[in-house]
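Participant: Just need the structure, nothing else, for what follows:
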Amino acid sequence: MNFNATLIGQTIAFIIFVWFTRTYIWPFIITAMNERETRIADGLAAAEKGQAALVEAEAQKAELIEEGKQQAAEIVSQGQKRHDELVEAAKGDGQSEKEKILAAAQAEIEQQRTQAREELRAQVAALAVAGAEQILMREVDQNAHNEVLGKISADL
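Facilitator: The predicted model follows:
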């Protein structure tokens with residue numbers, strides 16, 4: 001067997017193999033590789049878009065949280081104002097109610113005082129009349145007069 005003939009035969013077989021592979025097999029491999037490259041590129045682009053959307057969502061989240069905090073602080077401030085207004089209104093109402101109650105109590109005290117004076121005047125008048133009756137029924141005597149005045153003063 002000749003080495004050159006074997007080498008030439010192997011070269012011819014290799015060339016046929018390369019031609020067959022390039023003609024029938026290689027296009028399918030290239031197409032599959034291109035499709036895979038496209039899918040990978042699309043996946044990377046989608047990942048980048050997702051990353052950008054995530055960053056944007058984080059910024060919106062931070063903005064919404066800050067806005068919520070500001071609204072909460074405003075609501076608390078308004079609540080505090082309303083509380084203070086209600087407290088002041090209650091104090092004013094309490095003060096006016098106190099003044100009404102005091103005025104009513106003073107009027108009632110004055111009325112009771114006047115009524116007590118009138119009752120005392122009536123009693124003193126009745127006692128004076130009773131004392132005068134007793135003095136006039138007896139003879140005018142200093143000791144009897146002192147005795148009647150003592151009884152009257154004891155009754156008062």
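Participant: and the gap between Ala41 and Ala32?
Facilitator: Per C-beta to C-beta, to the nearest Å, Ala41 is found 15 Å from Ala32. C-beta: built from backbone N, CA, C; applies to glycine.
Participant: residue ranges with poor pLDDT in the protein?
Facilitator: Residues of the chain meeting the criterion pLDDT under 70: 1, 135-146, 148-149, 153-156.
Participant: mind checking the longest helix of it?
Facilitator: When every helix of the chain is counted residue by residue (DSSP state H), the longest turns out to be helix 26-137.
Participant: for that one, packing partners?
Facilitator: Contact here means 3 or more C-beta pairs under 8 Å, 6 or more residues apart in numbering; DSSP states H and E; on that basis helix 26-137 packs against helix 142-155.
Participant: Neighbours of Ile12, how many?
Facilitator: Using other C-beta atoms under 10 Å, Ile12 has 10 neighbouring residues.
Participant: Same question for the one 5 residues further on.
Facilitator: Other residues near Phe17 come to 10 when the count uses other C-beta under 10 Å.
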